[in-house]
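S.K.: Got a predicted model here, sequence first, then my questions.
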Amino acid sequence: MIPAPFEYARAESVDHAIELLTANPDSKVIAGGHSLLPLMRLRLARPAMLVDISRIGDLAYVREDSGEVAIGALTRHHDVANSEVLHELCPIVSYTAGQIGDPQVRHVGTIGGSCAHSDPASDMPTVLVALGATLTVRGPGGASRVVPAADFFKGLFEPDLASNEIVAEIRVPVTRGRGWSYLKFHRRAQDWALVGVAALAGDGGAPAVALTNMGERPVRAIGVEEALAGGADPATAAMRADEGTNPPSDTFGSAEYRRELAKVLVRRALEEAAAR
Amino acid sequence: MAQVMDRFVGQRVLRKEDPELITGRARYVESISLPGMVWMAVVRSPFAHARIRRIDTARAAAMPGVIGVFTAADLEGEWGGPLPFVWPITEDIKVPVHWPLTTDKARYQGDGVAVVVAESRGQAEDAAEAVAVDYEPLPAVTDLEQAATDAVLIHDDLGTNVVVHWSHGGAGDQSVFESAPVVVKERYVAPRLIPNAMEPRGCVADVNPAMGEFTLYSATQIPHVARVTLGGTCNIPESKLRVVAPDVGGGFGSKLNIYAEEALALVLARRLKRPVKWVEARSENYLATIHGRGVIHDVEIAATEEGKILGLRVKELADMGAYYQLLTPGIPELGGWVYMGPYDMQAYWYEFTGVLTNATPTDAYRGAGRPEATYVLERAVDALARRLGKDPAEVRRISLVPPFTEARAAISGLNVDSGNYEAAFDRALELVGYDELRREQAERRQRGDVKQLGIGLSSYIEMCGLAPSNILGALRYAAGGWDACTVQCLPDGKVVLKIGTSPHGQGHVTTWAQIAADTLGVTPDDVEVFHGDTSVAPLGMDTYGSRSVSVGATALYYALEKIKEKARTLAAHELEVAEEDLEFEAGSFRVKGAPDKVRSITELATSAWHAHNLPAGFEPNLEATAVWDPPNFTWPAGTHVCVVEVDTETGGVEISRYVAVDDCGRVINPMIVEGQVHGGVAQGIAEALFEEARYDANGNLMTSTMTTYLVPSAAELPTFTLDRTETPSTTNPLGVKGIGEAGTIAAPPAVVNAVIDAVSHLGVTHIDKPVSPERVWRAIRAAKGGAA
Ligand SMILES: Cc1cc2nc3c(=O)[nH]c(=O)nc-3n(C[C@H](O)[C@H](O)[C@H](O)COP(=O)(O)OP(=O)(O)OC[C@H]3O[C@@H](n4cnc5c(N)ncnc54)[C@H](O)[C@@H]3O)c2cc1C
C-alpha cells in the first residue's frame, strides 16, 4: 500500500527541525525511514507532516570524546559497524550494528532512529542498556538533556522523548579489554531477534547482561547479574535469565520458548564474553 | 529426436531475456501507462466472515480525483456469469457462486466488497479507505476440521462446507492394510502457503468504445485461458478481447488463475470508456491472491518385515478456502495419481474431501498436488524405516521400480513414460557421501553433541507436461491440454516463433531459440520469440504444470518439421533433383554425392518470399503452424538428500548440504535446468522450514506482511550440489520431461526427514511443517518426557 497523504519538510539543522516539529503538532521526524515508512505504508502511522533530518550533515560521526565514544544520531548502521574507533574502543557496538537487518537496511537506517523507535526487538538499545550508555536529547530553545539508556527506553515504542525533541547523540563507554558478546537468535538473516543477549565482562565487578525482545523494553537480566555477583558459574546463573522478564508470544515464538532461549543464549554469551 | 542437431541444444546458452530483466528495462504491467488511464482500488473486508448490512459510498465519491465508487449492486448488469471455475471434478460437487464483488457476505479477510476508481493510485486508495461498510461480524472458521463440522456455514445456500469428495477408487488388493506384517499409520498437517511471486498481480484494461474492443494487460500465466473465460464473465465476445501478458515476474501457480480484479477492470473500462489500471500491494497479495497447500493427511503404509513396501492408503482433508478459484478442487486430485512415487507396490488407495473455510481460496502452487503427495509418501517411508529399525536408504532401495524405457502402467492407473530411479538414487547417495555421514552421525550421538546431524532422503516421481486432452476430459476438466507454435522464416534470414506457452521467468525464449536455431541452421540470436499475446500467438494453453517444454516445444518441433518438409520441396525444385536425393543437416539441404550443390533454409526462405520461381502449387513464404496434443504426461523423477545440523538446545536447524539428482529427460539448456532446480529447492526448503500462513481465531491473517511470513533469503540456503541422470521421455520426440516443479516436489520431505533424523535418537518421531526452531525444541522436550 502507499501511505496516507502527508506534508514534507526538510530540516537544515537540529534547531530548524525542532522549530518545524513545534510548529506542526502532528509531525514526525524521519531519519532513515526504515521503521517509520513501513508503518506508514500499512497506514498504521499517519503523521500529517514528516520532518526530514537525514540531510543534517553534522549529526553523522563516531569519535572519541573525553573517555567515551560519541556517536551522532544520524550515523548509519553500516558506518557504526565499520567504525575503526568503535572496533578498538567499544567493539560490541560496531559488531551489533552489523547484525541489524540486511545491507540495505544498514546503509539507510540510523542509530538515532533505532533508539527513538524504542522497539524492544531492536538490537542496539539492548547493547546500550548493557553498556550503561547515555543519549543526548535536544529540545526547543536550545535545551539539551542527557538520559541514561536504561531510562530512555520506557516502554513499547515509547522512548523518553517529547514530540518536538530530537535524539542528537549516543555516548558509550570505552570498554577496551573487557570481554563481550551479542548473541541474536533469529529465523532469517535480516530478521529481528526472537531473543538477543548482550553480555559485557565486568570492569572489576560482575558482568552486565541485557536482553532483547524479552518484554516491553530492553532489560537487564537482573537475576543473572545477581547470581554472577554472588559467585555463581555462568551455566547456573544463566538459568535465571528470564527472571523479571515479560516476553511476547507471536508468530515467531511463544513466551515460553523465548524464556528457554534466553537461558541458553545467556549461558553461551557469558561463555563467549569470558573467552574474548 | 535425432533430427535436432546439437549445436545449441544441450549447451549452456546464456539467457537472451536476461539483459532487460536484470537492468530494470523489462516491461511489467506496473510500467504500462495509457492516455486517459484511471486507477482502481478494491475495498476489502477486514473481517473473515461478516454480513454486509449497508455500504455508504458518499464520502468516498466526493473525495478529490474520484471518478466513481461501485458496489456489487452497481455492477450487477455487467456480468455474463460468475468468475470462472473450470474443474468440477465430480458429478455431485457443490460449487459456491463467486462474483467479482461479494453481494451478501464477506467470506474471508480480503473479500472484495466495492471498488473505487480515481485519477491517481493514491486518490483511489485514500477513497477506498473512506468507503463506509456496515458489517455484521459472524463467527469465522479457518480450521479445516472445525469447518467440516458445519457449525459455521460459509455459503448458506450450499448447506454444508464439505463440498467435494473424490476417490481414486483404489487399485490392487486392499486387504494388505490388514494382513501385512507391518502397517505404519501417520498423520501430517501441512499449512497454507503464500506463493509470493516477486511481482504481485496487476492489470490494465483498455477499451476501444467505438469498436467494442478490449485489451487486457495482465500479470498472468494464462493469457489464452483468460481470454476465453473472462470473455464469458464480462460479456465480451472472445473475438473482441485481446489479452497480453507482458513481462511477468514469477507466478508459481498464483497467476494460473482468473481473478476478480481482471474482470472488474474490464467492465469498469467499458462503463467509464477509459483504461483502468490496478496493481496489487504486497499485503493485498497475501489476502487476495490464492494460497497453496493447507491439507491434513492420514496415511497408512503397509510393508514386509524387510521393509519392502506393499501398499499405501491415503485420506486427505483439503482446504478450499472461501470460494473456488479456477481449479481449486482439482489440485488435490492431481496429486492423487502419484502417491505411489517411484516405488513398486501392490495396493493403492487415495481419497480426499474438500472443505470450505473463511480464508483466501487455495489453488495451484508450484507442484500442485504432487508436493503434497511426495511429502506424505516420503515421510511415511521414513516412519516405516524407523519402525523397522532400518536405514531409510535401504528401505527405499528395495522398493524402487526397476529401470524401464517403454511406458509402464503405475499402480495408480496412469502410464509412466520411462524411468530409471535407481540410477538417480545411487548417484545422490554417492554424491552426498552417505555412509560417511552415517558414521559421523553415530559419533555425534555417541558424544552427545549439542549439534546433531540429520540426513533426509526424498525420492520422487511427478507427472507433468499437462496434459493429454482426452485424459483432461475424462477428469472433467473444461479444456484441452494441447499447445501450438508458428514458425516463420523471414526473407532476411531471421526467424520468428509464435508460441502458445507464456513464460514468466523460466527462460523459454532462449530454450525455444536454441531448438529452432539448430534445426534451421541459424543462431539463437537470429530467433525472435513472441508469446503471451493472444493477438500475436492466438493459439495456446499457456504455462503451468511444467508443460512448456514437453508440450509447447514439441509443437515447435513439429512446426520445424513442417518447415523442413516445405523447404525440401523448394530445394529440390531449385537444385533440380528429386526430394529423395537431398540430405538435410544443420539447416541445409545437400544433393547426395554432390555436397557443393546446397541450399540453406534461410536462402530458401528468401526465394519462398520472392516467389519468383516456385514449384507448382507451392504456397509463398516459409511458414508453418503445428498444434500438438501429448499422448501422455511426462514423468520426471529423482532423489534429493538433505543434511542438517540441529541445535538440540534451541531447536535451530541449519542445512549443511543439499544434493539433488534429477531426471528430466533430455536437457535443452543445462544452465536453465539448474536454475529451475535451485529455485524449486529453495522454495521447497522454505516450505519445510519457514513458510506458513497463519490465521487467528477470528480469521485474521497473522502472517500478513513479509516481516511475519517468512520467505528465506540466500543467507538461509546452502550451496546446492546438483547432478542429473537422463532417461528420455517416450511421450514426445524431443525426449524432454520438464523441470519447473521438481525441486518444490522433492525438497520438503528431504528437509523434514533430515531434521527428524537428527533427533530421532532422542525419541522424536514427528514434527509438522514448517519445522520451526520452537517446534523442534518442543518435540525434543516432549520426547524427553516433558510437555509438548
Ligand atoms: C527489513 C528490515 C529489517 C530490520 N531488521 C532489524 C534488526 O534485525 N534489528 C534492528 O534492531 N532493527 C532492524 N530494523 C530496523 C532498522 O534498524 C531501522 O533502521 C531503525 O530501527 C530505525 O532507524 P531509521 O533511521 O530508519 O528511523 P526512522 O524510520 O526514520 O524513524 C523511526 C522512528 O524514530 C523517530 N526518529 C528517528 N530519528 C530520530 C531522531 N534523531 N530523534 C528523534 N526521533 C527520531 C522517527 O520519528 C520514528 O518514530 C529493520 C528494518 C527493516 C526495514
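M.R.: Everything's here; your move. Residues are numbered from 1 along each chain as shown, chains lettered A, B, ... in the order given.
S.K.: What count of nearby residues applies to B:Leu144?
M.R.: Burial of B:Leu144 is recorded as 23 neighbouring residues (other Cβ atoms under 10 Å in any protein chain shown). Any C-beta I mention is one placed from the backbone N, CA and C, and that applies to glycine too.
S.K.: For it, which residues are in contact?
M.R.: Each residue near B:Leu144 by Cβ atoms under 8 Å, 6 or more residues apart in numbering or on different chains is listed here: B:294, B:296, B:317-319, B:355, B:357.
S.K.: now, among those residues, which is nearest to B:Ala130?
M.R.: Using Cβ to Cβ, B:Thr357 comes nearest to B:Ala130 of the contacts of B:Leu144, at 30.4 Å.
S.K.: Next one: that closest one from B:Gly321, what distance?
M.R.: 6 Å (Cβ to Cβ, to the nearest Å).
S.K.: Which of the two has more residues huddled nearby?
M.R.: Higher neighbour count among B:Thr357 and B:Gly321: B:Thr357, with 30 against 26, using other Cβ under 10 Å.
S.K.: mind listing what the nearest residue to the more buried one once chain neighbours are set aside touches?
M.R.: Spatial nearest neighbour of B:Thr357, excluding adjacent residues (Cβ to Cβ, 6 or more residues apart in numbering or on different chains): B:Ala147 at 4.6 Å. B:Ala147 is in contact with B:141, B:154, B:161, B:319, B:355-358, counting by Cβ under 8 Å, 6+ apart.
S.K.: hmm, back to that, weed out the non-buried ones from the contacts of B:Leu144.
M.R.: Neighbour-count burial (16 or more other Cβ atoms under 10 Å in any protein chain shown) is assigned, among those, to B:294, B:296, B:317-319, B:355, B:357.
S.K.: could I get the residues you listed as CSV with secondary structure and pLDDT?
M.R.: Converted to CSV, these look like this (DSSP: H, G, I helix; E, B strand; the rest coil; pLDDT from 0 to 100):
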residue, secondary structure, pLDDT
B:Gly294, strand, 98
B:Ile296, strand, 98
B:Leu317, strand, 98
B:Ala318, strand, 98
B:Asp319, strand, 98
B:Val355, strand, 98
B:Thr357, coil, 98
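S.K.: Need the max-distance pair from these.
M.R.: Taking every pair in those and measuring Cβ to Cβ, the maximum separation is 12.2 Å, between B:Ile296 and B:Thr357.
S.K.: hmm, who's touching stretch B:10-22?
M.R.: Contacts of stretch B:10-22 (Cβ under 8 Å, 6+ apart): B:25-27, B:247, B:507, B:509-510, B:513-514, B:524-525, B:667-672.
S.K.: among the residues you listed, which are within reach of the ligand?
M.R.: Near the ligand, taking Cβ under 6 Å from any ligand atom as the test, no member of those is found.
S.K.: Generate a ChimeraX selection restricted to the buried subset of those residues.
M.R.: Here is the ChimeraX command that selects the buried residues among the contacts of stretch B:10-22 (16+ other Cβ under 10 Å):
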select /B:26,247,507,509,510,513,514,524,667,668,669,672
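S.K.: Mind checking which of the contacts of stretch B:10-22 are in helices?
M.R.: B:509-510, B:513-514, B:670-672 (DSSP state H).
S.K.: list the contacts for A:Leu261?
M.R.: With contact set as Cβ under 8 Å, 6+ apart, A:Leu261 has these partners: A:185, A:194-195, A:253, B:650.
S.K.: out of the residues you listed, what pair is the most spread apart?
M.R.: Among the contacts of A:Leu261, the pair separated by the greatest distance (Cβ to Cβ) is A:Gly253 and B:Thr650, at 10.5 Å.
S.K.: Around chain B, which positions in the stretch 101-250 of chain A sit nearby?
M.R.: By Cβ under 8 Å from any Cβ of the partner chain, the residues of the stretch 101-250 of chain A that approach chain B are A:102, A:185, A:187-191, A:194, A:250.
S.K.: For chain B, what is the nearest residue in the stretch 51-200 of chain A?
M.R.: Ranking the residues of the stretch 51-200 of chain A by distance to chain B (Cβ to the nearest Cβ) places A:Ala189 first, at 3.7 Å.
S.K.: so the closest residue to A:Asp203 other than its chain neighbours is in which element?
M.R.: Leaving aside its sequence neighbours, A:Asp203 sits nearest to A:Arg178 (Cβ to Cβ, 6+ apart; 6.0 Å). For A:Arg178, there is no host helix or strand (DSSP states H and E).
S.K.: Next up, phi/psi of A:Arg178, please.
M.R.: Here the main-chain torsion angles of A:Arg178 (degrees, to the nearest 10) amount to phi -90, psi 130.
S.K.: now do the same end-to-end measure for stretch B:110-126.
M.R.: With Cα to Cα, to the nearest Å as the measure, stretch B:110-126 spans 17 Å from end to end.
S.K.: wait, does it contact chain A?
M.R.: Yes. Stretch B:110-126 reaches chain A (Cβ under 8 Å from any Cβ) through B:121-122, B:125-126.
S.K.: Looking at the chain, which helix is longest?
M.R.: The chain I'm using is chain A. Taking DSSP H as the assignment, the helix of chain A that covers the most residues is helix A:255-275.
S.K.: should've been chain B
M.R.: Chain B, longest helix under DSSP H: helix B:553-575.
S.K.: Which neighbouring elements make contact with it?
M.R.: In terms of contacts (3 or more Cβ pairs under 8 Å, 6 or more residues apart in numbering or on different chains; DSSP states H and E), helix B:553-575 is packed against strand B:483-489, strand B:495-499, helix B:508-520, strand B:582-585, strand B:588-591, strand B:594-600, helix B:601-610, strand B:622-628.
S.K.: from the middle of its chain, how far away would it be?
M.R.: Distance of helix B:553-575 from the chain centroid (Cα atoms, centre = their mean, to the nearest Å) equals 34 Å.
S.K.: Can you show me the CA trace of it as CSV?
M.R.: Provided in CSV are the C-alpha atoms of helix B:553-575 (Å, rounded to 0.1, in the frame of the first residue of the first chain):
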residue,chain,number,x,y,z
ALA,B,553,8.5,-27.1,-27.5
THR,B,554,7.1,-30.3,-29.1
ALA,B,555,4.6,-28.1,-31.0
LEU,B,556,7.7,-26.1,-32.0
TYR,B,557,9.4,-29.3,-33.1
TYR,B,558,6.6,-30.3,-35.3
ALA,B,559,6.3,-26.9,-36.8
LEU,B,560,10.0,-27.1,-37.6
GLU,B,561,9.4,-30.5,-39.2
LYS,B,562,6.8,-28.9,-41.4
ILE,B,563,9.1,-26.1,-42.4
LYS,B,564,11.8,-28.6,-43.3
GLU,B,565,9.4,-30.6,-45.5
LYS,B,566,8.3,-27.5,-47.3
ALA,B,567,11.8,-26.3,-47.7
ARG,B,568,12.9,-29.7,-49.0
THR,B,569,10.3,-29.3,-51.9
LEU,B,570,11.7,-25.9,-52.8
ALA,B,571,15.3,-27.1,-52.5
ALA,B,572,14.7,-30.0,-54.8
HIS,B,573,13.0,-27.6,-57.3
GLU,B,574,15.9,-25.1,-57.2
LEU,B,575,18.6,-27.8,-57.4
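S.K.: What residues sit buried inside it?
M.R.: B:553-561, B:563-564, B:566-575.
S.K.: Okay, helices next: where are they in the stretch 301-450 of chain B?
M.R.: Counting by DSSP state H, counting those that start in this stretch, one finds helices in the stretch 301-450 of chain B at the ranges B:330-335, B:370-388, B:392-397, B:421-432, B:434-447.
S.K.: Mind giving me the packing neighbours of the first one?
M.R.: Applying 3+ Cβ pairs under 8 Å, 6+ apart, we find helix B:330-335 packed against strand B:309-321, strand B:347-356, helix B:370-388.
S.K.: Perfect, that will be all.
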